[in-house]
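Asker: predicted structure and sequence below. I'll ask about it afterward.
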Amino acid sequence: MEVGVGRGRGREKEKEEEQDGVSVHSPCKAPPSSASSVPKEQQQVELELRLLEALEIYPPVKLRGVHRHFVLYGLMEFLRRSLDRHFSPDEVLQLLDRFYNLEVLVTHLGQ
């Protein structure tokens, strides 16, 4: 008999939750499959924003001659401190290549 009483209470609770809009089947919740892609996209956006901040300090105009190595190192250090992750020079150059055509930039600045 006690089992039947428990079921009645559970159904009443479900009805109350559905009336409040807090149902387990609520369409407001994101499906679990799309939840994993959001942090990855967010990390990418964060990385690009930090790179753009670093370019305010280390402008790509200075990517020529001897200065290139100092600017590249400065960008690597800025990203490392901002994102608490190590970046290789190749990674930083790949990131820069998203915003600038480095081949044209370096050859144009070399003239």
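Answerer: Noted; the coordinates are in hand.
Asker: list the buried ones in the helix or strand containing Leu96?
Answerer: Leu96 belongs to helix 89-99 when assigned by DSSP states H and E. For helix 89-99, a neighbour-count test (16 or more other CB atoms under 10 Å) marks 92, 95-96 as buried. Every residue, glycine included, has its C-beta placed from N, CA and C.
Asker: burial of Leu51, as a residue count?
Answerer: 20 (other CB atoms under 10 Å).
Asker: need the contact list for the residue lying closest to it once chain neighbours are set aside.
Answerer: Nearest residue to Leu51, sequence neighbours excluded (CB to CB, 6 or more residues apart in numbering): Leu95, at 5.2 Å. With contacts defined as CB atoms under 8 Å, 6 or more residues apart in numbering, Leu95 is in contact with 47-48, 51.
Asker: circling back: turn the buried residues of helix 89-99 into JSON lines, including pLDDT.
Answerer: Converted to JSON lines, those look like this (pLDDT from 0 to 100):
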{"residue": "Val92", "pLDDT": "93"}
{"residue": "Leu95", "pLDDT": "92"}
{"residue": "Leu96", "pLDDT": "90"}
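Asker: as a markdown table, those with distance to Arg68 would be great.
Answerer: Below are these laid out as a markdown table (distance: CB to CB, whole Å):
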| residue | distance to Arg68 |
| --- | --- |
| Val92 | 11 |
| Leu95 | 15 |
| Leu96 | 11 |
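Asker: closest to Leu63 out of these?
Answerer: Nearest to Leu63 among the buried residues of helix 89-99 is Leu96, at 8.0 Å by CB to CB.
Asker: neighbours around the closest residue to that closest one other than its chain neighbours, how many?
Answerer: Leaving aside its sequence neighbours, Leu96 sits nearest to Leu102 (CB to CB, 6+ apart; 6.0 Å). Using other CB under 10 Å, Leu102 has 14 neighbouring residues.
Asker: these two touch, right, His68 and Val61?
Answerer: Careful, residue 68 is Arg and not His. No: the pair Arg68 / Val61 is not scored as a contact, 10.9 Å apart, by CB atoms under 8 Å.
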